[in-house]
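**Student:** After the sequence you'll find the predicted model.
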Amino acid sequence: MSSILEADTLLALDIGTVNTRASLFDVVDGRYRLVATGRASSTSGPPLFDLREGIHMAVDQVMAITGRPLLDEEENLILPATAEGAGVDVFVATSSAGPTVRAVLVGLMPGVSLESARRLAGSTYLQVLEEISLMDRRKEEEQIDLILRARPDLLLMVGGTDGGATTSVLRMVEMVRLAAGLFPERERPHLVYAGNRTLAAEVMEQFENHQSVALVPNIRPSLAEEDLAPARLRLSEAISELRSRRIIGFEELKQWSGGYLMLTVDAFGRVVRYLSQVYDPDKGVLGVDLGASHTTLAAAFDGDLRLSVRTELGLGSVLPNLLNYCTPDDVLRWMPVEESPGSVLDYIYNKALYPASIPTELNELHLEYALARQILRSALALAQPSWPEAVRHSTVLPAMEPIIASGAAMSRAPRPGYAALALLDALQPRGVSTLVLDPYSLVPAVGAAAGPLPMVTVQVLESGSFISLGTVVSPVGRGRQGRPVLRVRLEPEGGGEPAEGQVRLGQLLRLPLRQGEHARLTLRPERGFDVGFGGPGRAGALRVAGGVLGIVIDARGRPLELSQDPGRRRELNQKWLYDIGALQ
C-alpha cells in the first residue's frame with residue numbers, strides 16, 4: 001500500500017476573500033475525523049496582499065487547540081509528520097481569494113462555440129469583458145482595438161468542430177495573435193485555444209513567440225457534444241498563475257501542497273458530483289456557497305456536474321451589483337419588519353465597504369438574510385439555463401437530495417432557522433429533500449483531499465462535522481389558502497409516540513426528530529398535490545433522518561407567492577420565522 005494511502009494526518013486550508021480556514025483531520029477509531037479548525041481574516045487584499053499572514057494565524061489556532069506543532073521555527077509547514085507527532089502527512093489547499101480574472105471570448109458561432117465558452121467562463125472565476133464572433137460586424141482593426149482597450153488577463157479562443165471549419169478559425173487566431181503582440185511583453189494575456197483540434201500545430205506555430213499559450217481539447221468536438229472539463233482544468237491553472245503574480249504566498253502554497261492546490265469552486269464541485277453518484281439517481285444534488293466576492297452553485301445529476309460562479313454576486317464588496325438584478329423593494333419583500341428602500345441601499349454600500357462586518361442589530365440581521373435570499377434567487381435563475389434540458393425548463397427547482405449550504409452567512413446564523421428559512425425561500429425545493437449546513441466550510445477541503453486521500457471525502461461526509469438542518473417536505477400544487485393538502489404520519493424508530501396530522505396550504509411547521517434519529521414518514525397528498533412519489537395525489541412512505549429542526553413541512557406552495565399587501569407580507573415573514581424556530 002502506498003505511503004499516501006496510509007497517511008494519518010491531513011491539514012487543509014481554504015483561503016477566501018474574507019476568511020482563511022485551517023482544518024486538521026486525523027484518524028480516530030480507524031476513520032478520518034475533523035480534529036480542529038482555525039479561522040482568521042484573510043490577508044490576500046490590501047494592505048498586505050500576502051496570503052501567508054492569514055494562513056499562519058489560522059494554523060496557529062489549530063496548534064493552540066491541539067497542542068500539535070505544525071510549523072517549524074521559520075514558519076514552514078512540517079511535512080511529513082515526524083515520529084514525535086509534529087507536522088502532518090498530507091497537505092491540501094483551496095483558494096477563491098484574489099482578483100477576478102478578466103477575459104475576452106473569441107469564437108465562431110454565437111449560439112454554438114461561444115455559447116459553450118460562456119458556460120465554461122461561468123463555471124470558474126472569470127469575468128467576461130467582451131465577446132468577438134464570426135458574426136461580429138466590426139472590422140478586424142476594431143476588434144483588435146476592443147481587445148487592447150479591455151486589457152484582459154486571458155483570451156479564450158473557441159470554434160470549429162474537430163475536423164470542421166479551418167479557414168475561419170485560423171483567421172480568428174491570426175487576429176488574436178496581432179492583438180496579443182501589441183501588448184507590452186509583461187502585460188500579454190494568457191492564451192487558451194479550445195477549438196478545432198486538427199489545427200493545433202498551426203495554432204502553436206502562430207504563437208511560437210508568445211510565452212503563455214495552452215492547447216486544450218475542443219470544448220465543442222461536434223455540434224451535438226460539449227466537453228468543458230479539460231478546458232476548465234487549464235483555466236484553473238491559468239487563474240492560479242495570474243493570481244500568484246499579484247499576491248504573495250501562492251507559490252509557497254503550491255510547494256507545501258505538492259500539486260494539490262485547487263480553486264475552491266473545483267473542489268466544491270467534486271464533492272457535489274460524488275454525492276450525485278451515491279444518492280438517488282432520479283434526483284439531483286445541489287451545493288450553494290454564498291461568499292463575500294462570489295456565489296457558487298454546483299448542481300449534479302447522476303454524475304453530470306454543472307458549475308455556476310457568479311463573480312458579481314456576493315455578500316461583500318460586490319454586493320452593489322445585486323441592484324443590477326433586483327430593486328430594493330425586491331429585498332424588502334423578505335423583511336418581517338418595516339424598512340425603507342434607503343435603508344436597504346445604506347446597508348448594501350456599507351457592507352461593500354466593510355465586507356467582514358456582521359449585523360449588530362435585529363433589523364440588520366433581517367436585512368442580511370433578505371439580501372442573502374435575493375442573491376441566491378438571482379444566482380439560481382442565472383445558473384438554471386446551463387442545466388440539462390430535462391430539468392432546466394421547470395418553473396420550480398427540480399428534485400434535489402441533498403442540498404448543501406456553505407458560506408459565512410449560513411454558518412454564522414444566530415439560530416439554524418435563519419439559514420433554513422433563507423434557503424427555503426430562495427431555492428424553494430420540492431418533494432422531499434434534506435438541508436445540510438457546512439458550518440466549517442469543509443466541502444472544499446474534502447474535495448481537494450479526494451485526490452491524495454479518497455477515503456477522507458467518504459468518511460468525513462458521514463461524520464458529525466456537517467449539520468443536518470432536517471428533512472424538508474414541500475408539496476407542489478395550487479389551490480386556495482387553508483385547504484388541506486397533505487396528511488402526515490411520523491413513526492420514530494425504536495419506539496416513541498407517533499405524530500400525525502393534516503397540513504393545510506400556506507402552513508410551515510416542524511415535527512420533532514433529533515439529529516441522528518430516524519423515523520418512518522408516511523405522506524398522503526390530496527388530489528392535485530405532488531410530494532415526489534410519482535405524480536399528484538400519489539402517497540408513499542420513506543425512512544427519514546432528523547436534524548436540528550426536525551422534519552420541516554413547507555406547504556406554502558411552489559412557486560412561493562408572497563402577498564401583495566406589504567403589511568400582510570411582513571406579518572407572514574415574521575410568522576414563518578417563529579414557525580421554523582428562528583425567533584422565540
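**Tutor:** Now that the structure is in, tell me what you want to look at.

**Student:** Just the helices from the stretch 351-500 of the chain, written as ranges.
**Tutor:** 362-383, 389-392, 408-411, 416-427, 443-449, 454-461 (DSSP state H, counting those that start in this stretch).

**Student:** which of these is buried the deepest?
**Tutor:** Using mean count of other CB atoms under 10 Å, the stretch among these with the largest mean neighbour count is helix 443-449, at a mean of 31. Every residue, glycine included, has its C-beta placed from N, CA and C.

**Student:** ok, and what's touching that one?
**Tutor:** Outside helix 443-449, the residues that touch it by CB atoms under 8 Å, 6 or more residues apart in numbering are 10, 12-14, 21, 23, 25, 90, 92-94, 260, 262, 264, 266-271, 287, 289, 404, 406, 456-457, 460-461.

**Student:** and if you look at stretch 557-564?
**Tutor:** By CB under 8 Å, 6+ apart, the residues outside stretch 557-564 that reach it are 333, 395-396, 425, 428, 430, 474-478, 505-506, 569, 572.

**Student:** Enumerate the positions of it that are buried.
**Tutor:** Neighbour-count burial for stretch 557-564 flags 557-558 (criterion: 16 or more other CB atoms under 10 Å).

**Student:** Need the distance between the two termini of that stretch.
**Tutor:** The first and last residues of stretch 557-564 sit 16 Å apart, counting by CA to CA, to the nearest Å.

**Student:** ok, residue 225 - how many residues close by?
**Tutor:** Residue 225 is flanked by 12 other residues according to other CB atoms under 10 Å.

**Student:** before we move on, the earlier item: kindly state which of the helices of the stretch 351-500 of the chain is positioned closest to residue 242.
**Tutor:** With respect to residue 242, and counting by CB to CB, the nearest of these is helix 443-449 at 19.9 Å.

**Student:** Using PDB, write out the CA atom coordinates for the closest one.
**Tutor:** Extracted C-alpha coordinates of helix 443-449, given in PDB (Å, rounded to 0.1, in the frame of the first residue of the first chain):
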ATOM      1  CA  VAL A 443     -16.700  20.800   1.400                       C
ATOM      2  CA  PRO A 444     -13.700  22.400  -0.500                       C
ATOM      3  CA  ALA A 445     -11.300  20.700   2.000                       C
ATOM      4  CA  VAL A 446     -12.600  17.200   1.500                       C
ATOM      5  CA  GLY A 447     -12.900  17.800  -2.200                       C
ATOM      6  CA  ALA A 448      -9.300  18.700  -2.500                       C
ATOM      7  CA  ALA A 449      -8.300  15.800  -0.200                       C
END
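
**Student:** out of the contacts of helix 443-449, which are inside helices?
**Tutor:** Among the contacts of helix 443-449, the residues falling in helices (DSSP state H) are 264, 266-271, 456-457, 460-461.

**Student:** and stretch 147-156, average pLDDT?
**Tutor:** The pLDDT scores in stretch 147-156 average 92.

**Student:** which residues does residue 407 contact?
**Tutor:** Contacts of residue 407 (CB under 8 Å, 6+ apart): 288-291, 315, 441.

**Student:** Same question for residue 297.
**Tutor:** Contacts of residue 297 (CB under 8 Å, 6+ apart): 286-288, 307-308, 310, 379-380, 383.

**Student:** How about the secondary structure of it?
**Tutor:** strand (DSSP: H, G, I helix; E, B strand; the rest coil).

**Student:** Roughly how far does it sit from residue 491?
**Tutor:** Separation of residue 297 from residue 491 (CB to CB, to the nearest Å) stands at 35 Å.

**Student:** go on, residue 187?
**Tutor:** As judged by CB to CB, residue 187 and residue 491 stand 67 Å apart.

**Student:** Also residue 264?
**Tutor:** Separation of residue 264 from residue 491 (CB to CB): 41 Å.

**Student:** Comparing the two, which residue is more hemmed in?
**Tutor:** Legend: neighbour count by other CB under 10 Å for residue 264 and residue 491, higher for residue 264 (28 against 15).

**Student:** While we're on that one, how confident is the model there?
**Tutor:** pLDDT, residue 264: 91.

**Student:** nearest residue to it other than its sequence neighbours?
**Tutor:** Excluding the flanking residues, the one nearest residue 264 by CB to CB, 6 or more residues apart in numbering is residue 96, at 4.0 Å.

**Student:** For that neighbour, what are phi and psi?
**Tutor:** As for residue 96, its main-chain torsions (degrees, to the nearest 10) stand at phi -120, psi 0.

**Student:** before we move on, the earlier item: dump the helices of the stretch 351-500 of the chain into JSON lines; add distance to residue 44 and mean pLDDT as well.
**Tutor:** Shown next, in JSON lines, are those (distance: least, CB to CB, whole Å; pLDDT from 0 to 100):
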{"stretch": "helix 362-383", "distance to residue 44": "22", "mean pLDDT": "95"}
{"stretch": "helix 389-392", "distance to residue 44": "35", "mean pLDDT": "80"}
{"stretch": "helix 408-411", "distance to residue 44": "16", "mean pLDDT": "86"}
{"stretch": "helix 416-427", "distance to residue 44": "26", "mean pLDDT": "95"}
{"stretch": "helix 443-449", "distance to residue 44": "16", "mean pLDDT": "89"}
{"stretch": "helix 454-461", "distance to residue 44": "26", "mean pLDDT": "81"}
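
**Student:** With distance to residue 467 added, can I get these in CSV?
**Tutor:** Formatted as CSV, the helices of the stretch 351-500 of the chain follow (distance: least, CB to CB, whole Å):
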stretch, distance to residue 467
helix 362-383, 17
helix 389-392, 27
helix 408-411, 9
helix 416-427, 7
helix 443-449, 13
helix 454-461, 12
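
**Student:** Any idea which of those helices gets closest to residue 182?
**Tutor:** If you check each of the helices of the stretch 351-500 of the chain against residue 182 by CB to CB, helix 362-383 wins as the nearest, at 33.8 Å.

**Student:** Which elements pack onto that closest one?
**Tutor:** Counting by 3 or more CB pairs under 8 Å, 6 or more residues apart in numbering; DSSP states H and E, the packing neighbours recorded for helix 362-383 are strand 284-290, strand 295-301, strand 304-310, helix 328-332, helix 341-353, helix 408-411, helix 416-427.

**Student:** Among the contacts of residue 407, which one has the most neighbours?
**Tutor:** Using other CB under 10 Å as the neighbour test, the contacts of residue 407 are led by residue 291, with 29 neighbours.

**Student:** quick one: contacts for the nearest residue to residue 490 once chain neighbours are set aside?
**Tutor:** Excluding the flanking residues, the one nearest residue 490 by CB to CB, 6+ apart is residue 499, at 4.4 Å. Residue 499 is in contact with 488-490, 511-512, counting by CB under 8 Å, 6+ apart.

**Student:** Mind doing that once more with 10 Å?
**Tutor:** Counting by CB atoms under 10 Å, 6 or more residues apart in numbering, residue 499 touches 488-492, 511-513, 519, 521, 550-551.

**Student:** Quick check: pLDDT value at it.
**Tutor:** If you check residue 499, the pLDDT there is 88.

**Student:** do residue 6 as well
**Tutor:** Looking at residue 6, its pLDDT is 61.

**Student:** can you give me the end-to-end distance of stretch 498-513?
**Tutor:** Using CA to CA, the end-to-end distance of stretch 498-513 comes out at 11 Å.

**Student:** Give me the buried positions along that stretch.
**Tutor:** Going by neighbour count (16+ other CB under 10 Å), the buried part of stretch 498-513 is 499, 503-505, 507-511, 513.

**Student:** repeat for stretch 95-112
**Tutor:** Buried positions in stretch 95-112, judged by neighbour count with 16+ other CB under 10 Å: 95-109, 112.

**Student:** Do a quick rundown of the strands in the stretch 401-550 of the chain.
**Tutor:** 431-437, 467-474, 484-492, 499-504, 508-511, 518-525, 540-545 (DSSP state E, counting those that start in this stretch).

**Student:** Please work out which of the ones you listed is packed deepest.
**Tutor:** strand 467-474 (a mean of 24).

**Student:** Would you mind writing the CA trace of that one as PDB?
**Tutor:** In PDB, the C-alpha atoms belonging to strand 467-474 read as follows (Å, rounded to 0.1, in the frame of the first residue of the first chain):
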ATOM      1  CA  ILE A 467     -25.100  19.700  10.400                       C
ATOM      2  CA  SER A 468     -28.400  18.300   9.100                       C
ATOM      3  CA  LEU A 469     -30.900  21.100   9.400                       C
ATOM      4  CA  GLY A 470     -33.600  18.500   8.700                       C
ATOM      5  CA  THR A 471     -35.700  16.700   6.100                       C
ATOM      6  CA  VAL A 472     -37.900  19.000   4.200                       C
ATOM      7  CA  VAL A 473     -41.300  18.000   2.600                       C
ATOM      8  CA  SER A 474     -42.600  20.500   0.100                       C
END
